[in-house]
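> Please work out how this folds:
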Amino acid sequence: MVVGVQHRQGEAGKRYEVFHTDCPARDVVDHVTSRWGIWVLISLRSNDLRFYELRESIHGISEKMLAQTLRALVQDGLVWRKVEPTTPPQVTYGLTEFGQDLGEPLAELFNRITRGLPPRDAG
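Okay, here's the model as predicted:
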C-alpha cells in the first residue's frame, strides 16, 4: 500500500491544519512546487518513464537533483517506483492516482502561462 498524505488524511477523518509549520501537507506542497518537482510531475503525466528518460526530458536537471526529487515524491505518495532486477537495474517511475490528481492542475497552470506569454522569435 502506498502511504501518502492523502491516505493519512482519509484515515484520520479530519483535515490538516495547513498553516501550521508542522503540518505534513506543507512538505508535500514544498516538494511539488520545488524547482524540479513540478517538472517531474508534468513529465510523468503522459507516460511512465525510466530514470534516464526523465533526465533527458527535463533539461537542466542533474542526476543528483532528479534522484532527490523522485525520492521525495515517492515518499509523498505522488510517484511510484518499480525496479527490474536486471544488470544494471532498470528503474521506472510513474504517477500514483494522487500524483495524477495533482498533475492535472499543474499542467493546466503551465498551459495557461505559455498561452499568456508573447510569441517567441523564430531566430
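> didn't residue 24 look like it was pressed against residue 17?
No. Look at residue 24 against residue 17 with C-beta atoms under 8 Å: they stay out of range, at 10.3 Å. Placement of C-beta: from N, CA and C, glycine included.
> quick one, strands of this structure?
Secondary structure of the chain (DSSP state E): strands at 49-50, 79-84, 90-95.
> who touches the last one?
Read that as strand 90-95. Contact partners of strand 90-95, identified using C-beta atoms under 8 Å, 6 or more residues apart in numbering, comprise 41, 44-45, 47-51, 54, 70, 74, 78-84, 103.
> Helices of this protein, start to end?
Per DSSP state H, the chain carries helices over the ranges 5-12, 24-32, 37-43, 51-57, 63-75, 97-116.
> okay if I get the strands of the chain as JSON lines plus distance to residue 111 and mean pLDDT?
Compiled in JSON lines, the strands of the chain are given as follows (distance: least, C-beta to C-beta, whole Å; pLDDT from 0 to 100):
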{"stretch": "strand 49-50", "distance to residue 111": "20", "mean pLDDT": "96"}
{"stretch": "strand 79-84", "distance to residue 111": "21", "mean pLDDT": "97"}
{"stretch": "strand 90-95", "distance to residue 111": "17", "mean pLDDT": "96"}
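> Quick one, which of these gets closest to residue 66.
With distances scored as C-beta to C-beta, the stretch of the strands of the chain nearest to residue 66 is strand 90-95 (9.8 Å).
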